[in-house]
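**Q** Need coordinates for the following:
(2 chains)
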Amino acid sequence: MVLRWLTVLAVFTLLAACGDSTPPPDSEATPAASTELSATATAPPAERLEVKPFTVGMTYHTLENGLKVILSHDDTAPVVTVAVYYNIGFRIEPRDRTGFAHLFEHMMFQGSENLGKMEFVNLVSSNGGILNGSTRFDYTNYFEIVPSHKLETMLWAEADRMRGLSITDDNLINQQGVVKNEVKVNVLNQPYGGFPWLYLPQYANENWYNSHNFYGDLEDLDAASLNDVALFFTQYYAPNNAALAIVGDFDSDEALAMVKKHFSKIPPSPEPIVLPDITEPRQEAEKIESYTDPLATRPGFAFAYHAPERLTPEWYAMGLIDQILLQGDDSLLHQALVKEAGMTDGVEGGINALLGNMFNYKGPMLWTASFIHDSGISRDDVLTVIDGVFDGLKNQPVDQAILDRALVKWRSAYYDEINSYFGFGRADLLASLALFDDNPEQINEFEKGMLAVTPEMIQQTAQEYLRPTNRTTLVLEAGAAEKEQDNG
Amino acid sequence: MANAMTIVRAGVFAAAMVLGLNVVAQETVKQTPPEGGTPKDFTLPAKQQYQLENGLKVTLVPYGAIPKVTVSARVMVGNLNEYADTWLADLTADLMEEGTASRSAEDVAREAADMGGSLSIGVGPDQTSVTGESLAEFAPEMVALMADVMLNPSLPADELDRLRRDALRNVDVALNDPDTMGQIAFSKALYGDHPYGRLFPTEEQLNSYTADQIREFYENNFGAQRTHVFVVGVFDGDAVRAAIEQAFGDWKAGPEILTMPPEPAQGRQYVDMIDRANASQSNVFLGLPTIDPSQPDYIGLQVTNTMLGGSFSSRITSNIREDKGYTYSPRSSVSVRRLDGRWIQQAAITTDDTAAALKEIYFEINRLRDEAPPEAELKAIQNYMAGLFTLRNSTRGGIINMLNRVDLHGLDDSYLTEYVSRVYALTPGEISRIATRYIRPDDMTLVVVGDRARIGEAMANYLDPPP
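**A** Take a look at the predicted model:
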């Protein structure tokens, strides 16, 4: 759902990487959990670099109008990320307006009181910054990454569009065209388009809010009117339904003063924002689904299991089960499906992996995986391999060494998540945790939860959540003939 | 006549505004955005560079506070070195991931995982990249593990059939992707039988490669002289230097870097429309060969490209997306290989709008050639590129990519240290001069992948050679 504007940036986001200040090799630091690890064939250096546990510093404020504000300083580079998150995900868009939350996201770039069409975008780029917006299950976000001295410029601009929009029919018609092109390029005109990220939630979930086509039926997109835009804005785009995260090289007191200056006079919504019931019933029967992709030449396989509720002990255990089963070439599913069965060259997935990560959502969520394989391999062939692997976790407590490895992998991946996209990853987590839990400090607590997971918890969680009756399998049938390879 | 609407959040009155479709373009005075504060200096992160006796280059850049490190070896062995054996380098890389003399593939994966990391090998036109990521404290061990994979691969013949099946599947999937279909045709038209013109192998080729051939390719191509090891992140410098010396110090120098620049077809090449029945969009590629980063006009060409179609604020994107709604993600780029460059505009356009969008693309190209852009527009693009430069040099992966770029194209440090000032030195007149010299519509090759039955006739004007 991300607007693909940052085409120039795409070439160097291959390694979503880090950003922070120069490391002090601090001698009083606590050693990281290195002693538990299996020895490598190389002798470790006589004195291993000692590394401090990494924590994210922040201050957290709530303005009188309800806007949640998180400031997190990081002076690695002279840049700042400004991220505004609204508590409106595509799950809860109007029933006869599928795809509307995302279409509305586009409208937020079409003009506000003091910034006409293209002026927001040009303001960011002419000040040396990049920007984007995206619509996800539980939020819609807007962010800019700019040279740090342009912080106030961006706060002013975000406040301007939080205050109101000023748009025309032509703007709406234009963006309906753009969004329909987005759906075509990503789904309708693309082999494997929407597999599995768009379709799997529709098959696996029961509640309409979780199981509708959130990219939108083209007819619904066409039917949207300026009235719908106004109503949606009034309902959801208010400071008391939003979080503002600022990450980067700035002075916290000055930044807070700027935030107050530009945002504190924006009125909250007159009535409390009521969200619909988005809960999913416990799944009691396996779902076996398939569809034909007329453009695909090889079949695809995907599974989804309903994941434990966020921040529960089982959810932490599931996070480590994901590391054990699915993340990295050492993972059990990679070893079984790729190396031993030779079904595919890679299997990908995770908790909320289709449109985010295991931290930045609120409602019911899926743990999923998918891959493309050759014809002649049946659903049962795949399930035999998968169930064999899962039985290993269900039948006895996992080895402590495997659990330790999972934890190290998780920690390392988490550091990269926090640092991804020039510090945007940190803003993403802080804004999500403020918006969903009113607790951005949680960003420093996840490791504690992971450390508390025991082999027994892994076993119990596997038994309950990796039940076949908690599973949806989705087979993509290849509807096109394989192409003659004559392009040499 | 368009409706206009102003939605203002006004407390308890907000509900009343919902239906207030004010047909107004209010002539109130707009606020001006606050300027912001004083710019902070950006300096490139300090680096240490040296060479081992066998010719292996090393660059170390301590960077960041997150306790992670990236170790990336860039070896000058790519598809270029295959000559006609397309993807032999890719299969070699695949087989190098299958273990070493002393470690199975699973051992390698587990050891990397125990360091909180991963190890992967990728192949591009000019280079094979072996990249390891780990927690900071394991940097020396990651160097050793990577070196083992690079120097002592077992290249097991019994894994080859599985890897070959994977490659055949990936090729098949790629050949049906409309974007890839266009890129294949475009590259072939410009580069012919040069490896840069052969993006994918035939099934016959893939089936023909043997483990012996792969071993020979490995032995003939990999070595210290072709390798540059980058270490960026948090790490113990002394320990990493020692680990590099120990792991790579005895590696054979190996062959010198292969220099085999392409001779791309000059002038327009005529490519028949590639038919995809019932396609809802046309994938369009329009471009021509151009200069590589070692040429003096290269940075100017980047600025010109950014203004023309290489950013969201660019002219082509503003026109065919934000004004006309013909497409979602149009983009132009200067794409480079060693001693080679190409400029290309791509877009996936709603089928019925294909001809109209092409007309606008040509219009914007010609406008930039014919008229010097306004100062303010150029200044905005210069600011944007200066900002991007900071971002590109502020992540581990970004720093490696920038330093590797300097190395790959035979540039010196001034490319990075003077980049921003050279961007700002360009004048509106130079932008038009550069557009005129390098972005020449008459010399551009056009590839269209789409529904011939629907737009074949309209496309004939654009695709067919003059009678």
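**Q** List the contacts of A:N174.
**A** A:Q110, B:E322, B:D323, B:K324, B:G325 (C-beta atoms under 8 Å, 6 or more residues apart in numbering or on different chains). Every residue, glycine included, has its C-beta placed from N, CA and C.
**Q** The last one and A:N181 touch, don't they?
**A** Yes - judged on C-beta atoms under 8 Å, B:G325 makes contact with A:N181 at a distance of 7.3 Å.
**Q** who has more neighbours, the two?
**A** When neighbours are counted by other C-beta atoms under 10 Å in any protein chain shown, A:N181 comes out ahead of the other of B:G325 and A:N181, with 26 against 20.
**Q** How many residues are close by the residue nearest to that one when sequence neighbours are not counted?
**A** Counting by C-beta to C-beta, 6 or more residues apart in numbering or on different chains, B:Y328 is the residue found nearest to A:N181 once chain neighbours are left out, at 4.0 Å. When neighbours are defined as other C-beta under 10 Å, B:Y328 has 24 of them.
**Q** any idea how far B:D353 is from B:Y328?
**A** Between B:Y328 and B:D353 the distance is 12 Å, computed by C-beta to C-beta, to the nearest Å.
**Q** so how far is the helix or strand where B:L91 lies from its chain's centroid?
**A** Element membership for B:L91, per DSSP states H and E: helix B:88-96. On the basis of C-alpha atoms, centre = their mean, to the nearest Å, helix B:88-96 is displaced by 21 Å from the centre of the chain it belongs to.
**Q** average pLDDT across that helix?
**A** Here helix B:88-96 scores 98 as its mean pLDDT.
**Q** Which elements pack onto that helix?
**A** Using 3 or more C-beta pairs under 8 Å, 6 or more residues apart in numbering or on different chains; DSSP states H and E, the elements in contact with helix B:88-96 are strand B:118-123, strand B:128-135, helix B:160-175, helix B:211-221.
**Q** 10 Å - rerun?
**A** Under the contact criterion of 3 or more C-beta pairs under 10 Å, 6 or more residues apart in numbering or on different chains; DSSP states H and E, the helices and strands touching helix B:88-96 comprise strand B:118-123, strand B:128-135, helix B:160-175, helix B:203-208, helix B:211-221.
**Q** Just say which of the ones you listed is most tucked in.
**A** Across the helices and strands packed on helix B:88-96, the average number of neighbours (mean count of other C-beta atoms under 10 Å in any protein chain shown) peaks for strand B:128-135, which reaches a mean of 25.
**Q** Which SSE is immediately downstream of that strand?
**A** Heading towards the C-terminus - elements assigned by DSSP H and E - strand B:128-135 is followed by helix B:139-151.
**Q** close to chain A, is that next one?
**A** Yes - with C-beta under 10 Å from any C-beta of the partner chain as the measure, helix B:139-151 is seen reaching chain A through B:A139, B:P140, B:E141, B:M142, B:V143, B:A144, B:L145, B:A147, B:D148.
**Q** For A:G216, state which of these is nearest.
**A** B:M142 (44.9 Å; C-beta to C-beta).
**Q** and that closest one, what is it in contact with?
**A** A:40, A:42, B:69-71, B:111-112, B:115-119, B:131-135, B:231, B:235, B:240, B:243 (C-beta atoms under 10 Å, 6 or more residues apart in numbering or on different chains).
**Q** Quick check: the gap between it and B:S154.
**A** Taking C-beta to C-beta as the measure, B:M142 falls 20 Å from B:S154.
**Q** do A:V453 as well
**A** The span separating A:V453 from B:S154 equals 36 Å under the rule C-beta to C-beta.
**Q** between these two, who's got more neighbours?
**A** In this comparison of A:V453 against B:S154, neighbours counted by other C-beta under 10 Å, the higher total goes to A:V453 at 23 against 17.
**Q** Can you tell me the closest non-neighbouring residue to that one?
**A** Nearest to A:V453 is A:A317, by C-beta to C-beta, 6+ apart, at 4.9 Å.
**Q** Just to be sure, the one you found is in a helix?
**A** Yes - the assignment for A:A317 is a helix, going by DSSP: H, G, I helix; E, B strand; the rest coil.
**Q** which phi and psi does B:Q281 have?
**A** In this entry, B:Q281 is assigned phi and psi values of phi -140, psi 160 (degrees, to the nearest 10).
**Q** Look up which residues are beta-bridged to it.
**A** B:T350 (DSSP bridges).
**Q** What is the neighbour count of it?
**A** B:Q281 is flanked by 28 other residues according to other C-beta under 10 Å.
**Q** so who does it touch?
**A** With contacts defined as C-beta under 10 Å, 6+ apart, B:Q281 is in contact with A:180-181, A:184-185, A:188-190, B:178, B:326-328, B:347-354, B:449-451.
**Q** When you filter these down to buried only, what's left?
**A** A:180-181, A:184-185, A:188-190, B:178, B:326-328, B:347-351, B:353-354, B:449-451 (16 or more other C-beta atoms under 10 Å in any protein chain shown).
**Q** before we move on, the earlier item: ok, the residue nearest to A:N181 touching A:Q176?
**A** No - using C-beta atoms under 10 Å, B:Y328 and A:Q176 do not qualify as a contacting pair, with a distance of 11.8 Å.
**Q** Distance check, B:V420 against chain A.
**A** Distance, B:V420 to chain A, by C-beta to the nearest C-beta, to the nearest Å: 10 Å.
**Q** Where does that residue sit: helix, strand or coil?
**A** Under three-state DSSP, B:V420 falls in the helix class.
**Q** can you give me the strands in the stretch 101-250 of chain A?
**A** Counting by DSSP state E, counting those that start in this stretch, the stretch 101-250 of chain A has these strands, from start to end: A:130-135, A:140-147, A:164-168, A:242-248.
**Q** ok, back up a step: ok, so of the residues of helix B:139-151 next to chain A, who is nearest chain A?
**A** Comparing the residues of helix B:139-151 next to chain A against chain A with C-beta to the nearest C-beta picks out B:A144 as the nearest, at 4.0 Å.
**Q** center of chain B - which residue?
**A** When chain B is reduced to its mean C-alpha position, the closest residue under C-alpha atoms, centre = their mean turns out to be B:S335, at 6.7 Å.
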